[in-house]
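Novice: everything below, folded, please.
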Amino acid sequence: MKKEALFIALILISSLVSAEILYKNQEKEFYGHTIMLRNLNENSAVIVVDNEKAPISLEEKKKIGDLEIKLKEINYYNIEEQDNVEVEISPEPYCGDNACNNDETTNSCPKDCGCGSDELKYDSELKKCIPKPTDECEKDSDCDDNNPKTSDLCYKKVGKTTVCKHFQGCELQSDCDDDNPCTTDKCEDNTCFNIEIEGCGNSEKENSEDNDFSEENNEEKIQEDNSEDNEISEEESKGFFSKIISFFASWF
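Specialist: Numbering: from 1, shown residues only. The predicted structure is shown next:
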């Protein structure tokens with residue numbers, strides 16, 4: 001069992017070690033850090049990690065910034081475009097490596113160590129712990145908290161996310177207000193009831209249907225008017241030509 005655990009540990013460690021080629025004055029990103037080869041000769045190099053630079057000799061392993069670097073090979077041609085080194089790079093424990101270590105705590109690094117409470121969650125954009133949102137729901141049964149002393153309600157707020165609320169009973173109708181104009185809120189036997197009002201919220205739909213009907217009637221009327229105008233125009237044209245023919249006929 002110990003051999004298997006050691007073997008797994010070696011695999012994990014080796015997966016974090018990266019062998020890379022660095023060219024002179026060319027930046028690269030590793031494990032969230034910027035690394036660059038600043039200078040080199042046949043036996044050593046100067047490497048920069050996040051603006052922290054240090055000389056390192058061939059086959060030497062050194063911690064620079066938050067990275068551990070071993071200089072494996074130097075290819076020195078005294079030509080900037082071709083000069084390069086081969087290095088092994090492994091990260092030192094840091095906040096954000098998804099492991100709570102190196103004296104990290106829920107206060108110093110909640111991203112790795114959590115927020116220390118089931119009521120909090122880590123927000124990656126705000127980079128801090130914030131309260132978890134209230135449970136969303138669709139119906140009252142979604143809000144059952146297994147407490148017989150509470151009334152569990154799903155508040156269906158118009159234009160808002162529906163959320164659970166738990167009451168220790170009610171005394172007044174106002175205790176049951178769910179901010180929904182389409183429900184009747186009642187307090188009976190210290191229990192809240194939010195009853196949907198039939199037909200509430202359909203006025204917009206009815207208005208839309210009325211508008212559609214009105215538009216159709218207007219279109220039909222316009223078509224009828226156009227048809228009548230065309231008929232009148234045709235009759236006027238026929239009368240005009242008849243008068244011309246009669247005029248010329250009177251000359252003969």
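Novice: how does this protein divide into domains?
Specialist: 2-91, 93-132, 140-196 (automatic domain parsing).
Novice: give me the mean pLDDT for the longest one.
Specialist: So the one you mean is domain 2-91. Across domain 2-91, pLDDT averages out at 82.
Novice: what residues are up against Asn75?
Specialist: Asn75 makes contacts with 82-86, as judged by C-beta atoms under 8 Å, 6 or more residues apart in numbering. Glycine gets a C-beta too; all of them are placed from N, C-alpha and C.
Novice: buried residues, stretch 19-27. List them.
Specialist: Buried residues in stretch 19-27, counted by 16 or more other C-beta atoms under 10 Å: 22-24.
Novice: ok, which stretches of this structure are strands?
Specialist: Taking DSSP state E to define them, one finds strands in the chain at 18-23, 27-30, 33-40, 44-49, 52-57, 61-64, 67-75, 84-91, 120-123, 128-131, 151-155, 163-167, 183-188, 191-196.
Novice: the third one packs against which elements?
Specialist: Yep, that's strand 33-40 we're talking about. strand 18-23, strand 27-30, strand 44-49, strand 67-75, strand 84-91 (3 or more C-beta pairs under 8 Å, 6 or more residues apart in numbering; DSSP states H and E).
Novice: in PDB, list the C-alpha atoms belonging to the first one.
Specialist: Spelled out, that is strand 18-23. Presented in PDB, the C-alpha positions along strand 18-23 are these (Å, rounded to 0.1, in the frame of the first residue of the first chain):
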ATOM      1  CA  SER A  18       7.400  21.300 -17.000                       C
ATOM      2  CA  ALA A  19      10.400  21.100 -19.300                       C
ATOM      3  CA  GLU A  20      10.600  24.200 -21.500                       C
ATOM      4  CA  ILE A  21      12.800  26.000 -23.900                       C
ATOM      5  CA  LEU A  22      13.400  29.700 -23.200                       C
ATOM      6  CA  TYR A  23      14.700  32.100 -25.800                       C
END
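Novice: and it, which strands flank it?
Specialist: Under the criterion DSSP bridges, strand 18-23 sits next to strand 84-91 (antiparallel) in its sheet.
Novice: what comes up buried for the strand it pairs with?
Specialist: Under the neighbour-count criterion of 16+ other C-beta under 10 Å, strand 84-91 has 84-85, 87, 89-91 buried.
Novice: possible to save those as JSON lines with distance to Ser108?
Specialist: Output for the buried residues of strand 84-91, formatted as JSON lines (distance: C-beta to C-beta, whole Å):
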{"residue": "Asn84", "distance to Ser108": "38"}
{"residue": "Val85", "distance to Ser108": "35"}
{"residue": "Val87", "distance to Ser108": "30"}
{"residue": "Ile89", "distance to Ser108": "25"}
{"residue": "Ser90", "distance to Ser108": "22"}
{"residue": "Pro91", "distance to Ser108": "18"}
